[in-house]
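**Q** give me the fold of what follows.
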Amino acid sequence: MGVIVLPIAVGIDGSEASLRAVEWAADEAALRGARLRLVEASLWERLEGDLLPGHPDAPYERMRVERNAAVAERRALERRPDVRVTSAVFAEAPQPVLVRESRTATAVVLGCRDSHGVDRAFLGSVGLGVAGHARCPVIVLRGGDGSPPAVPGRIGVGVGGRAGESAAARFALEEATLRGASLRIVRARGRNPLKTAAERTLSAEALEEAGRGKADASVADVLRDIPPGLAVDRRTMEGHAREVLLAVSREVNLIVVGDRRRGEHPGVRLNSVAHALLLHASCPVAVVPEHM
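**A** Below you'll find the model as predicted:
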């Protein structure tokens, strides 16, 4: 019996940003041999219910939602005719629907309007809420159109100093392997003006080696599984993790970061690093839940 591959879910709302997300998600589904699931959530029933029977605008929202789904399906099939596409429309608010979808998806993909603003539907409080509560990785297409997953390039991942399995690093390795891209593993080292005498005597090379050792400990499980031929670049960079990873986002095609969750009850909001990347990164961002 073969391995069951969960679908790639993508949030749609009729905007060009969400249609670009559909294309990106279709590429991702093709790479993984997964089904593509188009998900639209709208309170159209409530909006129509506020209109009197016979009002000329009464069926408008229903028609709009159905048209959005049809256009998105056509766009996906034009992009990837070989990918199986299904769609689902829910008369609910977007955030709870997309969080629920994350329980049975490989990843949830959301669109972003452009590199200077946030998408009205999916990267306001909704998108941040989905990223902070999802059970699977959430990928937000920052940085304009974003590079499609089929394009080789570089995948960046931020790691902390804790030893143990890193779901974010594992996801980044999968993406790099599927795309034939290189993998950049980045650890931020905070600036410390109060260094000890011993630390001040260390060379820059020695400090870099020490930082690399800590980074390696945090992704030891991933480093063991790197396939031959996959280029890996490990860096320790001085500065706050937010600034470091935002800088890295200008040099990679996808930046991956973890968000720690406690058991069945995720935090009310994202950690500050993931939050900053979702709002300001120069490339698509994947937020991966790290369950504790």
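**Q** so where is the protein shaky, pLDDT-wise?
**A** Across the chain, the stretches falling below the confidence threshold (pLDDT under 70) are 1-2, 44-61, 113-125, 143-147, 161-164, 191-218, 262-269, 292.
**Q** contacts only, for the closest residue to V10 other than its chain neighbours.
**A** Residue nearest to V10 in three dimensions, not counting chain neighbours: A25, with 3.9 Å by Cβ to Cβ, 6 or more residues apart in numbering. From N, CA and C alone the C-beta is placed, and that goes for glycine too. By Cβ atoms under 8 Å, 6 or more residues apart in numbering, A25 lies in contact with 8-10, 36, 76, 109.
**Q** let me know the helix or strand that A25 is in.
**A** When elements are defined using DSSP states H and E, A25 is found to belong to helix 16-32.
**Q** quick check: next helix or strand after the lengthiest helix in the chain?
**A** For the chain, the longest helix by residue count, based on DSSP state H, is helix 60-79. Proceeding C-terminally, helix 60-79 gives way to strand 85-90 as the next helix or strand, assigned by DSSP H and E.
**Q** name the residues of the next helix or strand after that following strand that come out as buried.
**A** Following strand 85-90 in sequence order, the next helix or strand is helix 94-101 (DSSP H and E). Along helix 94-101, these residues count as buried under the neighbour rule (16 or more other Cβ atoms under 10 Å): 94-95, 97-101.
**Q** between helix 94-101 and strand 85-90, how big is the angle?
**A** Here helix 94-101 runs at an angle of 130 degrees relative to strand 85-90 (axes from the mean of the first three to the mean of the last three Cα atoms, to 10 degrees).
**Q** what lies in contact with helix 94-101?
**A** Here helix 94-101 makes contact (Cβ under 8 Å, 6+ apart) with 9, 11, 13, 37, 39, 41-42, 90, 108, 110, 121-122, 125-126, 129-130, 133-135.
**Q** give the PyMOL command for selecting the buried subset of these.
**A** For selection in PyMOL, the members of those meeting the burial criterion (16+ other Cβ under 10 Å) are listed in this command:
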select buried, resi 9+11+13+37+39+41+42+90+108+110+121+122+126+129+130+133+134+135
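**Q** ok so, going back, what's the farthest-apart pair in the contacts of A25?
**A** Taking Cβ to Cβ, the two most distant members of those are A9 and A76; they sit 12.2 Å apart.
**Q** tally of neighbours for V151?
**A** Neighbours of V151 under the rule other Cβ atoms under 10 Å: 12.
**Q** dump the residue contacts of it.
**A** By Cβ under 8 Å, 6+ apart, the contact set of V151 is 179, 253.
**Q** wasn't it part of a helix?
**A** No: with DSSP: H, G, I helix; E, B strand; the rest coil as the criterion, V151 is assigned coil and is not in a helix.
**Q** G160 versus that one, what's the distance?
**A** When Cβ to Cβ, to the nearest Å is the yardstick, V151 and G160 sit 29 Å from each other.
**Q** and if you look at L128?
**A** Separation of L128 from G160 (Cβ to Cβ): 21 Å.
**Q** one more: H240?
**A** Separation of H240 from G160 (Cβ to Cβ): 13 Å.
**Q** who's more crowded, these two?
**A** Between H240 and G160, counted using other Cβ under 10 Å, the more crowded position is G160 (20 against 15).
**Q** hang on, isn't the more buried one packed against R187?
**A** Yes: G160 is within contact range of R187, at 7.3 Å (criterion: Cβ atoms under 8 Å).
**Q** can you give me the helices in the chain?
**A** With DSSP H, the ranges of helices along the chain come out as 16-32, 44-49, 60-79, 94-101, 125-133, 167-179, 197-201, 204-218, 220-223, 241-248, 272-280.
**Q** between the last one and helix 167-179, how big is the angle?
**A** With the same axes, to 10 degrees applied, the angle from helix 272-280 to helix 167-179 works out at 40 degrees.
**Q** in stretch 62-81, what counts as buried?
**A** Neighbour counts using 16+ other Cβ under 10 Å place 62, 64-65, 68-69, 71-73, 75-76, 79-80 of stretch 62-81 among the buried residues.
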